[in-house]
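Sequence and predicted model, in that order:
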Amino acid sequence: MHWKPIEKPAGRTKWTANLEDYDKARAAFSWEDVGRELMPQGTAHINIAHIAADRHAEAGGERVALRIVDRSFNVETISYGALRDLTDRFADAIRRLGVPRGEVVASLIGRTPAFYIAALGTLKAGAVFCPLFAAFGPEPLRQRLSIARARALVTTPALYRRKVASVRAGLPDLRYVLCTEEEAIPEGCIPLWRILDAAETGLPVVRTAPQDPALLHFTSGTTGRPKAAIQPHGAILAQYASSRFALDLRPEDRFWCTADPGWVTGTAYGIVGPLSVGATLVVDTEPFDAARWYRILEAERISVWYTSPTAIRMLMRAGDALPRERDLSALRFAASVGEPLNPEAVVWGLETLGLPFHDTWWQTETGAIMIANYAATEIRPGSMGRPLPGIEAAILHRVGGRVEPIRAPDQEGELALRVGWPSMFTGYLNDPESYARCFADGWYLSGDLARRDADGYFWFVGRGDDLIKTSGHLVGPFEVESALLEHPAVAEAGVIGKPDAIAGQIVKAFVCLRPGNIGTEELRRQLLAHTRRRLGPAVAPKEIAFCSALPKTRSGKIMRRLLRAQETGEPAGDTTTLEDPAQGDR
């Protein structure tokens, strides 16, 4: 690996990281201690909403929980006390409607106050909260609402008319649609703010146990029927601990998570994690725009920032002039989520923003960050880091129905986690067979291929179905994409295996260029030569195609199967998660 480890940057205000001594913290850690910290009276009854909102309101309700920035940069603030009262009212309102404990309340909405009120209010009532993508069309929404058997939906009048009204007749379980705006409420819908005004505050939070269902998150559904992963109320223990350790959050921070409300990150770290710590959550209601983002970083004095590799690459593509116009000195920690972070992006952050991006690894099914690069330890660009305290990770080989750990360093295998962490999903809704296939011999099998070096750092290789087999070699697309991103002309890259009669597959790259570069034959030759020098002829791409954009999921992950379908003419499968590349934040 030619990238040098990166130490914590000098020149900014010094601070003591929450995880200052990694080995000591791992040795002393227990989930029971985390539980006692959050719930001194015991965790037999633990409710996410109580810990995220009410606990801080009881300690001093004027502290700001949310700062919501609208299109014109006006800011609406909601204190922890106000958040407690608003979520109390939502819980009382859905109880009065007849939404019983354990039923699903879904949201189809952007980053507005109603999203946060509905999420925590649902949990206070003992119901299950299920966020959905506002970008989905009617049929994907019908499918997910049907699988969830959602009893209520929180949305806007415009989204209801465009995406739900035409399929509502096929959703017999959906009894209540709560619209968040007063204007022209559609027939058959209920104005949310009106029923909130009539509801009460101060009612007791429903007593839920650690394993009681709290959140329902749909996987992206890139192949086959989407699966709904169930997360329990006890997940907040891992979301709290990872917010402190992996994101270095503390109560005085202003935290910005750019995640879309429809994905798990938008709940785990767009609501639960930072609020459980007591930080102030900054929310931008608008889509990605590089100039706008830098303005928010400066004006809101963001201290901790969690975003996606796609967004980082888009910022890189926008150039270095914009950040130089802004005072970003409040920013002390930046991290990424959603897909592997290319080494070039880590170094770009250090050179342009004055601090590197810290990659993190987790999945919908894990419920919280499992592996990360930490504030007080060196970063090895391209590595996802080391496991959090309380998490045991390993590299395994599957042998029949069993698994065998790989002890030697730098050997590729499947990344697995020892079961038992609090945010581990407790099932796929109505799909026990798929759930059972995720486990073997006490390990959760992630489906991601990785390796672990001699110092315990984990390195992503690829998804099992993304690996390229060429002339007897196994090639991970991420390695080739990262090498291409090192070239100053390249903004983004997607790599696939193209069928070949002799080699089985050859490595083909699709490349998006930075502004000012043209996809000439000469540049193609330069890129081929660059990757051969960097990777060797067996791994380097044999073909390069220039393109204006890469297909991505709404979570920002490159959809390599669509690139493969373009080459082979084979069906691409479900494309409901395809996104406009300009909306690359997760």
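In hand now; what should we look at?

Can you classify residue 455 by secondary structure?
coil (DSSP: H, G, I helix; E, B strand; the rest coil).

So what's the residue count around it?
By other CB atoms under 10 Å, 11 other residues sit near residue 455. C-betas here are computed from N, CA, C, even on glycine.

cool, residue 549 as well?
11.

Can you check the pLDDT for residue 295?
pLDDT recorded at residue 295 is 98.

Which secondary structure element is home to it?
Under the criterion of DSSP states H and E, residue 295 resides in helix 290-299.

Find the centremost residue of this protein, please.
For the chain, the residue nearest the mean C-alpha position is residue 265 (3.4 Å; CA atoms, centre = their mean).

ok, for it, nearest residue in space, not its chain neighbours?
Computed as CB to CB, 6 or more residues apart in numbering, the closest residue to residue 265 that is not its neighbour in sequence is residue 259, at 3.8 Å.

just checking, that neighbour touches residue 271?
No - with contact defined as CB atoms under 8 Å, residue 259 does not reach residue 271; the gap is 9.8 Å.

more neighbours, the two?
Using other CB under 10 Å as the criterion, residue 259 and residue 271 rank with residue 271 on top: 30 against 25.

and residue 403, what does it touch?
Taking CB atoms under 8 Å, 6 or more residues apart in numbering, we find residue 403 in contact with 396, 397, 414, 416, 440, 441, 443, 445.

6 Å instead, please
Applying CB atoms under 6 Å, 6 or more residues apart in numbering, one finds that residue 403 lies in contact with 396, 440, 441, 443.

do the same with residue 145
The contact partners of residue 145, by CB under 6 Å, 6+ apart, come to residue 171.

repeat that with 8 Å
Per CB under 8 Å, 6+ apart, neighbours of residue 145: 106, 132, 153, 171, 173, 174.

One more: residue 144?
With CB under 8 Å, 6+ apart, residue 144 has these contacts: 106, 130, 132, 136, 218, 226, 228.

can you give me phi and psi for it?
phi -70, psi -40 (degrees, to the nearest 10).

Can you tell me how far it is from residue 219?
Distance, residue 144 to residue 219, by CB to CB, to the nearest Å: 11 Å.

shared neighbours of those two, which are they?
Any residue near both residue 144 and residue 219 by CB under 8 Å, 6+ apart counts here, and that gives 226, 228.

what about the nearest residue to residue 142 once chain neighbours are set aside, neighbour count?
The spatially closest residue to residue 142, leaving aside those adjacent along the chain, is residue 167, at 3.9 Å (CB to CB, 6+ apart). By other CB under 10 Å, the residues close to residue 167 number 18.

The helix holding residue 295: how far from the chain's middle?
What separates the centre of helix 290-299 from the centre of its chain is 21 Å, taken as CA atoms, centre = their mean, to the nearest Å.

can you list contacts of the very next helix or strand once past it?
Per DSSP H and E, the first helix or strand lying C-terminal to helix 290-299 is strand 304-307. Residues outside strand 304-307 that contact it (CB under 8 Å, 6+ apart): 247-249, 253-259, 265, 269, 279, 297, 331-337, 585-586.

average pLDDT for the helix or strand following strand 304-307?
Using DSSP H and E, the helix or strand that follows strand 304-307 in sequence is helix 309-318. Confidence for helix 309-318, expressed as mean pLDDT, is 88.

Flag every buried residue along helix 309-318.
For helix 309-318, the neighbour count (16 or more other CB atoms under 10 Å) marks 309, 310, 311, 312, 313, 314, 315, 316, 318 as buried.

What does the pLDDT read for residue 182?
Looking at residue 182, the pLDDT reads 69.

Does residue 124 touch residue 86 like I think?
No - the criterion here is CB under 8 Å, and residue 124 misses it with residue 86 at 10.6 Å.

Looking at those two now, which is surrounded by more residues?
A count of neighbours by other CB under 10 Å puts residue 124 above the other of residue 124 and residue 86, at 28 against 22.

Which residues lie in contact with that one in this structure?
Per CB under 8 Å, 6+ apart, neighbours of residue 124: 47, 49, 50, 87, 88, 90, 91, 205, 206.

would JSON lines of these with neighbour count and distance to residue 348 be doable?
Shown next, in JSON lines, are the contacts of residue 124 (neighbours: other CB atoms under 10 Å; distance: CB to CB, whole Å):
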{"residue": "47", "neighbour count": "24", "distance to residue 348": "41"}
{"residue": "49", "neighbour count": "32", "distance to residue 348": "38"}
{"residue": "50", "neighbour count": "26", "distance to residue 348": "41"}
{"residue": "87", "neighbour count": "28", "distance to residue 348": "39"}
{"residue": "88", "neighbour count": "27", "distance to residue 348": "45"}
{"residue": "90", "neighbour count": "29", "distance to residue 348": "42"}
{"residue": "91", "neighbour count": "28", "distance to residue 348": "44"}
{"residue": "205", "neighbour count": "21", "distance to residue 348": "44"}
{"residue": "206", "neighbour count": "19", "distance to residue 348": "47"}
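
what's the closest of those residues to residue 495?
Distance to residue 495, by CB to CB, is smallest for residue 49 among these, at 43.1 Å.

secondary structure class for the closest one?
Secondary structure for residue 49, judged by three-state DSSP, is helix.

so it makes contact with residue 127?
No - with contacts counted by CB under 8 Å, residue 49 stays clear of residue 127, the gap being 10.7 Å.

the helices in the stretch 1-150 of the chain, which residues?
For the stretch 1-150 of the chain, applying DSSP state H, counting those that start in this stretch gives helices covering 22-28, 31-38, 48-49, 55-60, 80-97, 113-124, 138-148.

Highest mean neighbour count out of those helices?
Comparing the helices of the stretch 1-150 of the chain by mean neighbour count (mean count of other CB atoms under 10 Å), helix 48-49 ranks first with a mean of 31.

What are the buried residues along the helix holding residue 295?
Across helix 290-299, burial judged by 16+ other CB under 10 Å covers 290, 292, 293, 294, 295, 296, 297, 298.

Skipping adjacent residues, who's closest to the third one in space?
Distances taken as CB to CB, 6+ apart place residue 315 nearest to residue 293, at 7.1 Å, with adjacent residues excluded.

Now do the helices in the stretch 351-500 of the chain.
For the stretch 351-500 of the chain, helices defined by DSSP H, counting those that start in this stretch occupy the ranges 432-436, 477-485.

Contacts made by the last one with the rest, please.
Pointing back at helix 477-485 there. 313, 340, 342-345, 382, 460-462, 466-468, 490, 492-496, 507, 509, 511, 527, 530-531, 534-535, 539-541, 558, 560.

Tell me the buried residues within the residues you listed.
313, 340, 342-345, 382, 460-462, 466-468, 490, 492-496, 507, 509, 511, 527, 530-531, 534-535, 539-541, 558, 560.

Among those, which ones are in strands?
Judged by DSSP state E, strands contain the following of those: 460-462, 468, 490, 492-496, 507, 509, 511.

what's the closest of the helices of the stretch 351-500 of the chain to residue 232?
Using CB to CB, the nearest of those to residue 232 is helix 432-436, at 13.9 Å.

send the alpha carbons of that closest one over as CSV?
The C-alpha trace of helix 432-436 is given here as CSV (Å, rounded to 0.1, in the frame of the first residue of the first chain):
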residue,chain,number,x,y,z
PRO,A,432,-37.2,-16.1,8.7
GLU,A,433,-35.4,-18.1,6.0
SER,A,434,-33.4,-15.1,4.8
TYR,A,435,-32.6,-14.1,8.3
ALA,A,436,-31.3,-17.6,9.2
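
just to revisit the earlier point, what's the closest of the buried residues of helix 309-318 to residue 422?
Using CB to CB, the buried residues of helix 309-318 come closest to residue 422 at residue 309, 26.9 Å.

Let me see the contact set for the closest one.
Residue 309 neighbours (CB under 8 Å, 6+ apart): 336, 338, 339, 340, 341, 342, 345, 556.

now, which of those lie within helices?
Of the contacts of residue 309, the ones assigned to helices by DSSP state H are residue 345.

Turn the contacts of residue 309 into CSV, columns for pLDDT.
Shown next, in CSV, are the contacts of residue 309 (pLDDT from 0 to 100):
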residue, pLDDT
336, 95
338, 81
339, 78
340, 81
341, 87
342, 84
345, 90
556, 66
